[in-house]
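Quick one, what's the 3D model for this:
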Amino acid sequence: MIVNRVVPWVRRAREQGDVILVYHRIADCTWNPFNTCVAPKNFEEHLTVLRKFGSPATAKAIAQAGIAARQSATRIAVTFDDGYRDNVDVARPILEAHDFPATIFICNNAVLRRIPYYWDEATSILDEQATPPNTSVACGNRHWDMHGDLTVRQKVYVEFCSTLNHSTVAARNDAIVSLRQVAVTREEEANLLLTVDEIVALGADRLLTLGAHTLDHAWLPNESAEAQLYQLQQSRLELEEVVGRPIVEVAYPYGRFDSTTSAAAKLAGYAFAYTTVRHRVRPGVHPMEIPRIVVPNVDGDGFEYFLREMVFGLGGRGGLQWAVNRCIRKARLRLEAQAAF
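Below is the predicted model of the structure:
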């Protein structure tokens with residue numbers, strides 16, 4: 001049994017390639033159904049843990065080395081999707097304390113035009129004052145009635161947002177119109193995001209760089225080839241006009257892509273495009289299909305466990321001791337369970 005556990009850890013430790021991580025918000029969220037918030041305390045512990053496995057780098061540097069099939073000691077990059085203000089206000093001081101660079105991927109309509117993300121705007125579903133009982137919201141041929149307690153409304157929220165995730169931009173916009181017809185408009189959702197002035201100021205920042213994330217956070221494979229190209233190309237052109245410098249990186253929303261998406265990203269003028277395929281950036285990686293790993297909201301110990309199980313195994317500092325402790329703990333729990341009977 002122990003051998004079955006250890007063999008994958010040994011195999012992962014032998015694998016080559018750097019690692020790019022994905023965060024969204026660095027905030028204490030009371031409810032986190034889509035794993036988009038990592039608590040500041042946990043984030044700080046994550047950066048400490050990462051030093052066991054490699055040295056800090058930018059996503060761009062890792063992508064360049066992977067494409068060129070250049071091998072070196074393992075490096076790790078931090079990225080943030082969507083462009084929330086807490087990336088600068090909360091995460092940046094922690095990054096600076098650990099001397100860790102990061103890349104922030106910006107959605108134009110959310111950040112430049114102050115249009116809240118649908119998952120933020122839809123939080124009105126959770127509030128009876130904002131979205132009264134006996135009303136409903138719809139997306140395509142699905143609809144949800146506003147009734148019941150908070151637990152019921154949370155279920156509606158998750159189903160509504162999950163449906164919108166996979167919808168085309170046009171269908172999603174129709175659904176948000178349906179929500180706005182019954183919900184009280186609130187301003188705080190847009191205020192969660194970085195402003196134009198703030199992203200312009202990042203041009204002089206030594207730690208934070210910018211990339212694109214489409215116009216509308218589109219689920220790109222569900223759009224036509226023409227719509228994909230428009231989402232990707234227009235996002236780059238607009239951002240370049242605002243910040244006054246080239247934008248050469250894009251992160252696909254939700255990390256989703258297909259061959260049409262990859263071709264569109266290259267045609268749109270990007271040098272590097274990032275997914276959420278969960279493995280290392282291996283030598284010879286496709287420049288339009290660079291993997292990244294989405295990070296869970298766990299403390300430092302949980303994060304180390306996650307990284308070793310998913311990526312590093314026995315690799316990095318303290319790997320052997322970690323494995324011994326894991327096996328001892330597993331055996332102890334098994335004995336305690338047997339004793340209980």
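
do you know how far the spatially closest residue to Leu192 that is not a sequence neighbour is from Gly300?
Nearest residue to Leu192, sequence neighbours excluded (C-beta to C-beta, 6 or more residues apart in numbering): Tyr84, at 5.7 Å. C-beta here means a position set from N, CA and C on the backbone, and glycine is covered the same way. According to C-beta to C-beta, to the nearest Å, Tyr84 and Gly300 sit 22 Å apart.

Neighbour count: those two, which is higher?
Tyr84 (26 against 16; other C-beta atoms under 10 Å).

so who does that one touch?
Listed by C-beta atoms under 8 Å, 6 or more residues apart in numbering, the contact set of Tyr84 reads 24-25, 27, 192-194.

and those, which two are the farthest apart?
Ala27 and Leu194 (13.7 Å; C-beta to C-beta).

Of the two, which one has the most company?
Leu194 (24 against 21).

is it true that that one touches Val88?
Yes: with contacts counted by C-beta atoms under 8 Å, Leu194 reaches Val88, the gap being 6.5 Å.

in the stretch 51-200 of the chain, which ranges drop under the pLDDT threshold?
Along the stretch 51-200 of the chain, the parts satisfying pLDDT under 70 run over 185-190.

And Ala337, what's its pLDDT?
pLDDT, Ala337: 67.

What of Gly203?
At Gly203, pLDDT is 84.

Likewise for Arg236?
98.

ok, it touching Lys266?
No: using C-beta under 8 Å, Arg236 is not in contact with Lys266; the gap is 11.9 Å.

ok, then the element right after the longest strand along the chain?
Within the chain, and with DSSP state E defining each element, the longest strand by residue count is strand 75-82. Moving toward the C-terminus from strand 75-82, the next helix or strand (DSSP states H and E) is helix 86.

next helix or strand past that following helix?
Taking DSSP H and E, what comes next after helix 86 is helix 92-97.

For Asp82, give me its contacts.
Contacts of Asp82 by C-beta under 8 Å, 6+ apart are 24-25, 105-107, 110, 117, 193, 213, 217.

Kindly provide the distance from it to Asp205.
Asp82 is 18 Å from Asp205, by C-beta to C-beta.

now Val295: how far from Ala57?
16 Å.

just how off-centre is stretch 125-144 within its chain?
Here stretch 125-144 shows a centroid-to-chain-centroid distance of 27 Å under the convention C-alpha atoms, centre = their mean, to the nearest Å.

do the same with stretch 154-168
The answer for stretch 154-168 is 17 Å, by C-alpha atoms, centre = their mean.

how about that stretch: buried residues?
Using 16 or more other C-beta atoms under 10 Å as the burial criterion, the residues of stretch 154-168 that qualify are 156-157, 160-161, 163-165, 167-168.

quick one: which of those sit in helices?
Among these, DSSP state H puts 156-157, 160-161, 163-165 in helices.

Show me where the stretch 151-300 of the chain has its strands.
Secondary structure of the stretch 151-300 of the chain by DSSP state E, counting those that start in this stretch: the strands cover 208-212, 249-251, 272-274, 293-294.

With Ala69 as the reference, name the closest of these.
Using C-beta to C-beta, the nearest of the strands of the stretch 151-300 of the chain to Ala69 is strand 272-274, at 15.1 Å.

Please tell me how far that closest one is from the chain's geometric centre.
14 Å.

If you average the pLDDT over it, what comes out?
98.

packing partners for that strand?
Contacts defined by 3 or more C-beta pairs under 8 Å, 6 or more residues apart in numbering; DSSP states H and E place strand 272-274 against helix 59-67, strand 249-251, helix 259-267.

Outside of the last one itself, which residues are in contact with it?
So the one you mean is helix 259-267. Taking C-beta under 8 Å, 6+ apart as the rule, helix 259-267 contacts 220-221, 225, 228-229, 232-233, 250, 252, 257, 273, 286-289.

still on that earlier bit, would you turn the strands of the stretch 151-300 of the chain into JSON lines with distance to Ala65 and mean neighbour count?
Output for these, formatted as JSON lines (distance: least, C-beta to C-beta, whole Å; neighbours: other C-beta atoms under 10 Å):
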{"stretch": "strand 208-212", "distance to Ala65": "17", "mean neighbour count": "24"}
{"stretch": "strand 249-251", "distance to Ala65": "15", "mean neighbour count": "26"}
{"stretch": "strand 272-274", "distance to Ala65": "11", "mean neighbour count": "26"}
{"stretch": "strand 293-294", "distance to Ala65": "17", "mean neighbour count": "18"}
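
re earlier: have a look at Arg236 and Lys266 and say which one is more surrounded.
Arg236 (22 against 15).

Please verify my assumption that Leu208 contacts Ile106.
No: using C-beta under 8 Å, Leu208 is not in contact with Ile106, being 11.3 Å away.

Closest one to Lys52 out of the contacts of Tyr84, please.
Using C-beta to C-beta, those come closest to Lys52 at His24, 23.7 Å.

How many residues are close by that closest one?
Neighbours of His24 (other C-beta under 10 Å): 21.

could you point out the longest helix in this protein?
helix 319-340.

Identify each buried residue in that one, please.
319, 322-323, 326.

Would you format the residues you listed as TSV with distance to Gln16 and pLDDT included?
TSV is the format used below for the buried residues of helix 319-340 (distance: C-beta to C-beta, whole Å; pLDDT from 0 to 100):
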residue	distance to Gln16	pLDDT
Gly319	16	89
Trp322	21	89
Ala323	20	86
Arg326	24	84
